[in-house]
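Peer 1: fold the following.
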Amino acid sequence: MISDPKLFVLVFAAFFLISFLITKFVRRVAFELGIQDIPDSDRKIHDKPRPKLGGSALYLSFAFGVMCLALLGLTDEISATRIAALLIGALILIVGGILDDKYDLPAYVQIVFPVAAALAVVGSGIHISYITNPFGGEIILDQWKLGGFPVLGSLVVFLWILGMTYTTKFLDGMDGLVSGISGIAGIVIFGLSLAPDVLQTTTAFLALIFAAVCFGFLPFNFHPARIFLGEGGSTFTGFMIGVLAVISGGKIATALLVLGIPIMDAAWVIVRRLWYGSSPFVGDKKHLHFRLLDVGLSQRQAVLFLYFLSAVFGGIAVFLQSWGKLIALGAMFLVMIVVAMAVVIIYRKKSVTPKK
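Peer 2: Model (predicted):
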């Protein structure tokens with residue numbers, strides 16, 4: 001078990017720099033290929049075209065990190081098949097994202113790539129054997145098998161990864177929001193991987209490299225952004241969080257605490273769209289981060305506020321056991337309700353206040 005803090009700091013710094021440099025290169029490529037996000041709808045709040053393909057920079061940086069880990073013999077805790085499935089699944093998302101960024105694919109075609117990426121992970125054998133019951137004991141999933149294949153445990157992972165992939169996709173509406181929160185999630189999973197009850201060096205390094213490449217991308221993505229994640233980047237980040245949460249010992253509750261408010265916000269928006277007969281996959285400006293702009297926060301203030309919530313609940317998760325995480329999830333739900341109510345009240349007051 002490697003526990004030298006200096007090594008972890010060195011790895012983080014190295015891949016922060018690598019991601020920074022690769023992002024500069026990808027940004028130029030996006031300009032040359034004409035792959036840019038044009039502000040042609042009300043939902044897009046940037047004032048001029050911005051290059052996309054940011055997800056390609058994240059993937060290239062992360063894949064290079066995995067290659068370095070393999071060469072140093074630091075991937076032996078996870079089978080080569082599963083690491084390959086992780087990279088293949090992520091690559092599927094990046095390729096699909098590039099196609100969407102270039103040709104603006106319809107929603108029914110876009111969904112093929114997240115589904116294929118999740119299937120690649122499940123097909124490698126990554127599954128959840130049991131779920132810890134906060135009231136005591138465990139809920140065994142491995143008892144449901146078909147020809148030796150753990151059906152229920154694999155289905156849970158498939159739905160979990162798909163859900164996380166779409167959470168960050170829906171969240172990607174402001175400069176730096178997804179890349180920053182994803183970096184925070186990576187740091188939290190890194191910390192959990194080194195906890196006494198987990199002690200997984202490989203997962204710790206994977207999470208640390210993922211966090212580093214997200215934060216290395218952030219200087220170009222924070223407001224005012226000079227490059228966007230694009231479809232590939234917005235789905236890649238959620239996919240990675242989902243997979244890392246599973247392979248770090250099934251820390252699903254932890255990932256829920258980091259991304260809990262975006263998840264609840266996405267769920268509310270989807271329900272609302274379905275209620276009014278709209279497609280759940282067509283974006284709008286009803287998300288919490290847009291509402292924060294409506295009440296007067298700047299983009300930077302809104303993003304930093306959501307960073308703060310993710311860091312607080314993610315940090316709490318590192319020190320809590322199952323029952324404590326359940327309480328924290330309940331507290332987060334209450335925070336979401338309070339924030340949403342405050343936003344609505346302030347917005348209504350601003351709407352009825354006559355302008356001078």
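Peer 1: where along the stretch 101-250 of the chain do the helices fall?
Peer 2: Along the stretch 101-250 of the chain, the stretches classed as helices by DSSP state H, counting those that start in this stretch are 107-110, 112-123, 151-171, 177-193, 201-221, 230-247.
Peer 1: in TSV, list the ones you listed along with mean neighbour count.
Peer 2: For every residue, glycine as well, the C-beta is placed using N, CA and C. Listed next are these as TSV, based on neighbours: other C-beta atoms under 10 Å:
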stretch	mean neighbour count
helix 107-110	13
helix 112-123	20
helix 151-171	22
helix 177-193	26
helix 201-221	25
helix 230-247	28
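Peer 1: Asp4: which of those is closest?
Peer 2: helix 201-221 (11.1 Å; C-beta to C-beta).
Peer 1: please save the CA atoms from that closest one in CSV.
Peer 2: The C-alpha atoms that make up helix 201-221 are tabulated as CSV, following Å, rounded to 0.1, in the frame of the first residue of the first chain:
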residue,chain,number,x,y,z
THR,A,201,-4.2,2.1,-4.2
THR,A,202,-5.2,1.7,-7.9
THR,A,203,-8.6,3.2,-7.4
ALA,A,204,-7.0,6.1,-5.4
PHE,A,205,-4.6,6.9,-8.3
LEU,A,206,-7.3,6.6,-10.9
ALA,A,207,-9.5,9.0,-8.9
LEU,A,208,-6.6,11.4,-8.2
ILE,A,209,-5.6,11.5,-11.9
PHE,A,210,-9.3,12.1,-12.9
ALA,A,211,-9.5,15.0,-10.4
ALA,A,212,-6.2,16.4,-11.7
VAL,A,213,-7.3,16.4,-15.3
CYS,A,214,-10.6,18.0,-14.4
PHE,A,215,-8.8,20.8,-12.5
GLY,A,216,-6.2,21.1,-15.2
PHE,A,217,-9.0,21.8,-17.7
LEU,A,218,-10.8,24.2,-15.4
PRO,A,219,-8.6,27.3,-16.0
PHE,A,220,-9.8,27.2,-19.6
ASN,A,221,-13.4,26.3,-18.7
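Peer 1: could you give the angle of it to helix 177-193?
Peer 2: 160 degrees (axes from the mean of the first three to the mean of the last three C-alpha atoms, to 10 degrees).
Peer 1: and helix 201-221, what does it pack against?
Peer 2: helix 5-33, helix 54-71, helix 177-193, helix 230-247 (3 or more C-beta pairs under 8 Å, 6 or more residues apart in numbering; DSSP states H and E).
Peer 1: ok, Ser234 - contacts?
Peer 2: Gly55, Gly97, Thr168, Lys169, Leu171, Asp172, Val178 (C-beta atoms under 8 Å, 6 or more residues apart in numbering).
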